[in-house]
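Undergrad: pasting the sequence and the predicted model now:
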Amino acid sequence: MNNCRTGVYICSCGTNIAKIVDVDAVVSFAAGLPDVVLARTYKYMCSNPGQEMITQDIRENHLDRVVVAACSPNMHERTFRTALKSACLNQYLLEMANIREQCSWVHTDPIEATEKAKALVHAAICRVRLHESLDSISVRMCPNVLVIGGGIAGMTAALELAEPPPSDHALMAWKKPSLSVRDREHPFHHRRRPTRIDLPPGRRHHGRTGVQSASPEVAAWGPTADSGRKDTWSGLPSVP
Ligand code: SF4
């Protein structure tokens, strides 16, 4: 991808970031990197004025990529994606660099924290260059869960999943003819679940069954049993 027009926004988060990271130095550094049309800092980038700054810059400077260096994407990636959308720029042409949790919150040396922030911002600028416009799609999700293995971990996972909700169906498969005596008599089960080795009605379990293959596709997995007992897998979803 050549000739991107990237806007870079370095957040101070009040003093949360600015007390350790020299945000002005990061702005100057970013402004000199290839593809960067403008670089700015602001006290609270997630505030309405901060978002409006981004949308206005996108429109006035014809930006086609945005980098926000602030907090964790878990916190505000959705906020900034919305800002891009409101400026008619595809929301996925955004990259965030976490210079709060990964720099100012974990470093005490301002020089080291600032150099790390520069490195993270540089990486984000390089990465956003590779982003493409994407469309959101809806995919029918499979609510079934297959637990492979009838040991303590498998039994515990299947029992947890069999509780409604979240899963409509918990399926369990193990290779041995039956659950082992050792596992049935494990003190964990005597202490926590003395009578509940079997899954509740409506939850399937299959002994002497292995998994031959499984589709890696998100939301469309379709495991194949190696036992030849195809009927036992009829509760599994078909690929949409
Ligand atoms: S965007 Fe994140 S780092 Fe910036 S002010 Fe908001 S919460 Fe703080």
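TA: Sure thing, it's come through. Numbers count the residues shown, from 1 in each chain.
Undergrad: and residue 110, how many neighbours?
TA: Look at residue 110: counted by other Cβ atoms under 10 Å, it has 15 neighbours. The way it works is simple: take the backbone N, C-alpha and C, and place the C-beta from them, glycine included.
Undergrad: from residue 104, how far out is it?
TA: Distance of residue 110 to residue 104, given as Cβ to Cβ, to the nearest Å: 9 Å.
Undergrad: overlap of the contact sets of these two?
TA: The contact sets of residue 110 and residue 104 overlap at 20, 21 (Cβ atoms under 8 Å, 6 or more residues apart in numbering).
Undergrad: and the ligand, is the helix or strand hosting residue 79 touching that?
TA: Taking DSSP states H and E as the definition, one finds residue 79 inside helix 73-86. Yes: counting by Cβ under 6 Å from any ligand atom, the ligand has neighbours in helix 73-86: 75, 76.
Undergrad: buried residues in that helix?
TA: For helix 73-86, burial by neighbour count (16 or more other Cβ atoms under 10 Å) applies to 73, 76, 77, 80, 81, 83, 84.
Undergrad: report how many residues lie close to the nearest residue to the fifth one once chain neighbours are set aside.
TA: Spelled out, it's residue 81. Spatial nearest neighbour of residue 81, chain neighbours left out: residue 91 (3.8 Å); criterion: Cβ to Cβ, 6 or more residues apart in numbering. Residues near residue 91, counting by other Cβ under 10 Å, number 18.
Undergrad: report the contact partners of residue 91.
TA: Residues in contact with residue 91 (Cβ under 8 Å, 6+ apart) are 81, 82, 84, 85.
Undergrad: can you redo the residues you listed as a markdown table with pLDDT?
TA: Formatted as a markdown table, the contacts of residue 91 follow (pLDDT from 0 to 100):
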| residue | pLDDT |
| --- | --- |
| 81 | 98 |
| 82 | 98 |
| 84 | 98 |
| 85 | 97 |
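Undergrad: how about those, which pair is most distant?
TA: Farthest apart among those by Cβ to Cβ are 82 and 84. That separation is 7.3 Å.
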